[in-house]
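1. Got a predicted structure here, sequence first:
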Amino acid sequence: MKLHILGMSAGVAVAVSLAGGAISQAQPPKPAATFLPDGRMAFPSDYRTWVYLSSGMDMAYGENAGPTNAHVFDNVFVDRVAYAHFEKSGRWPEGAVFVLEIRGAAAEGSINKRGHFQTNRLATELHVKDKRFKSGWAFFAFRGEGPGIEFPQTSDCNACHEKHGASDTTFVQFYPTLLPIARANGTLDTTYLATENAAVK
């Protein structure tokens, strides 16, 4: 009987040890951004499984932006780890990656009688938070699904986001599920808040 009990205890100990080993060896989530040796970024082919933030149609930020004959949709996705972090804190963690997917728009097709629907992907841009970049953020442009090339840190995209981003240089003001979270956590940029207050007056 004593041997049987000891055998069971040893078996339990081995099971616990194995379980502990499995937990300790668990791999951390794979980073959303994969950088190549030459500094380019690999295309995140699974981005459509990330968290969808919002869509805009025919949006333009420049003061001199005129009308366009071709309609386009802008769809924004963010990696799941970054989204979960923002939900809790109102802040973007190191390694956060946003995808801006630009798609064509069509008015006629199938049973549609009014409005527009999305068609083919026209372009893809990534916005990534990483300390390797001088400003802490960088933009990458992709041609198809080949590696992305970084925009200069002085690019219009960088400058616009730094000046007008509602939270940590990101356009949270256009993401209806995140704006209330940033507001509740007090992480909205003071410049954005001043602009918002001026608009209300």
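-> Perfect, I can see it now. Here the structure is a predicted model, which means the values were calculated and not measured.
2. Any stretches of this protein with poor pLDDT?
-> By pLDDT under 70, the weakly predicted segments of the chain are 1-28, 63-68, 201.
3. for it, what spans make up the strands?
-> In the chain, the strands defined using DSSP state E lie at 51-57, 72-78, 97-106, 117-129, 137-142, 149-150.
4. helices or strands next to the fourth one in the packing?
-> Think strand 117-129. On a contact count with 3 or more CB pairs under 8 Å, 6 or more residues apart in numbering; DSSP states H and E, strand 117-129 meets strand 72-78, strand 97-106, strand 137-142, helix 156-164. Every C-beta, even on glycine, is put in place using the N, C-alpha and C of the backbone.
5. List the buried residues for the last one?
-> Under the neighbour-count criterion of 16 or more other CB atoms under 10 Å, helix 156-164 has 157-158, 161 buried.
6. Let me see the residues that make contact with it.
-> Residues outside helix 156-164 that contact it (CB atoms under 8 Å, 6 or more residues apart in numbering): 61, 125, 127, 135, 137-139, 151-152, 169-171, 191-192, 195.
7. ok, 7 Å please
-> Contacts with helix 156-164, where a contact means CB atoms under 7 Å, 6 or more residues apart in numbering, come from 61, 135, 139, 151, 169-170.
8. same check, this time on stretch 180-189
-> The contact list for stretch 180-189 (CB under 7 Å, 6+ apart) reads 86-87, 89-91, 165-167, 172.
9. mind checking how far it is from the chain centre?
-> From the chain centre to the centre of stretch 180-189 is a distance of 17 Å (CA atoms, centre = their mean, to the nearest Å).
10. what's the answer for stretch 178-192, then?
-> Distance of stretch 178-192 from its chain centroid, counting by CA atoms, centre = their mean, is 17 Å.
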